[in-house]
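1. Following is a predicted model, sequence given first.
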Amino acid sequence: AQKITQTQPGMFVQEKEAVTLDCTYDTSDPSYGLFWYKQPSSGEMIFLIYQGSYDQQNATEGRYSLNFQKARKSANLVISASQLGDSAMYFCAMRERRTGFQKLVFGTGTRLLVSP
Amino acid sequence: DTAVSQTPKYLVTQMGNDKSIKCEQNLGHDTMYWYKQDSKKFLKIMFSYNNKELIINETVPNRFSPKSPDKAHLNLHINSLELGDSAVYFCASSQGQDTAQETQYFGPGTRLLVL
């Protein structure tokens, strides 16, 4: 079974609009961390935001926020006020205690295109 | 002042050759990783080293041999390159505290093309 599922291969949004990128995960481990990374066309992997399984509040980092719904096992990334520079691949990832937190398991990614 | 650097950025080579990719981090981290990103953009861990010791080997063929001369460096040597090895290889590092929140920082990637 897929550990991390990103069901949206591609998303379009207009500049200045908000967009939600979906991520669901599968684990029976009570202790885990969820991450979002951005990969622009230049290829580097940029860390955006982190959410811990025990965190009571949703994580926020500037225009990025994470809509964490633990019971539904979802950790959707919300980008507010989209900018042209947000066009990129976005990856959701998870690490679990049972693997000693050593492995970061990635989803298949969502390609976001921001139009003027 | 690049945090995680990789060389070379691009590598084009013939099938059957042996090649190496170097990785260095100046973050003072204890743990380093190699990931492979295939043509469909799927990222998968290959190896993890903590303080120069192998922690994870994700059923990677023996042709791939990581080497960590010190905790700031993790090099990847690939023997007898095959067409299917064409991919982007990312090095990453993290503090090594083994907590859920520990962030991994990635290098710029090495684009390997095997002809």
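-> Here it is on my side, so go on. Numbering: from 1, shown residues only, chains lettered A, B, ... in the order given.
2. Helices of chain A, residue ranges please.
-> With DSSP state H as the definition, chain A shows no helices.
3. quick one: low-confidence parts of it?
-> Counting by pLDDT under 70, chain A contains low-confidence ranges at A:1-2, A:100-101.
4. What residues does the residue nearest the centre of chain B make contact with?
-> Closest to where the C-alpha atoms of chain B average out (C-alpha atoms, centre = their mean) is B:Trp34, at 2.8 Å. B:Trp34 is in contact with B:23, B:45-47, B:66, B:74, B:76, B:89-92, counting by C-beta atoms under 8 Å, 6 or more residues apart in numbering or on different chains. In this view, the C-beta of every residue, glycine as well, is placed from N, C-alpha and C.
5. I'd like those residues written out as CSV, with distance to A:Arg63, neighbour count and secondary structure added.
-> Rendered in CSV, the data for these read as follows (distance: C-beta to C-beta, whole Å; neighbours: other C-beta atoms under 10 Å in any protein chain shown; DSSP: H, G, I helix; E, B strand; the rest coil):
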residue, distance to A:Arg63, neighbour count, secondary structure
B:Cys23, 31, 25, strand
B:Ile45, 29, 22, strand
B:Met46, 33, 19, strand
B:Phe47, 34, 22, strand
B:Pro66, 37, 21, strand
B:Leu74, 33, 29, strand
B:Leu76, 35, 23, strand
B:Tyr89, 31, 22, strand
B:Phe90, 25, 27, strand
B:Cys91, 28, 28, strand
B:Ala92, 24, 25, strand
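6. how far away is the closest residue to A:Gln39 other than its chain neighbours from B:Cys91?
-> With sequence-adjacent residues excluded and distances taken as C-beta to C-beta, 6 or more residues apart in numbering or on different chains, A:Gln39 is closest to A:Met89, at 4.3 Å. Shown here: A:Met89 relative to B:Cys91, a distance of 19 Å by C-beta to C-beta, to the nearest Å.
7. ok, now B:Gln25?
-> For B:Gln25 relative to B:Cys91 (C-beta to C-beta), the value is 8 Å.
8. Next, count neighbours for residue 35.
-> Unless you meant another one, I'm taking chain A. When counting by other C-beta atoms under 10 Å in any protein chain shown, one arrives at 26 neighbours for A:Phe35.
9. Wait, chain B was what I had in mind.
-> Neighbours around B:Tyr35, by other C-beta under 10 Å: 24.
10. likewise B:Lys9?
-> Neighbour count of B:Lys9, defined by other C-beta under 10 Å: 13.
11. isn't it right up against B:Phe90?
-> No - shown here, B:Lys9 and B:Phe90 do not form a contact pair, counting by C-beta atoms under 8 Å, at 11.9 Å.
12. need the residues of chain B near chain A, please.
-> Proximity of chain B to chain A (C-beta under 8 Å from any C-beta of the partner chain) is limited to residues B:31, B:33, B:40-45, B:48, B:50, B:55-56, B:58, B:88, B:90, B:92, B:98-109, B:111.
13. at 7 Å instead, please
-> B:41-43, B:45, B:48, B:55-56, B:88, B:90, B:98-106, B:108-109 (C-beta under 7 Å from any C-beta of the partner chain).
14. So which of those belong to strands?
-> B:43, B:45, B:48, B:55-56, B:88, B:90, B:105-106 (DSSP state E).
15. Spatially, which two of those residues are the most separated?
-> B:Ile55 and B:Val88 (22.4 Å; C-beta to C-beta).
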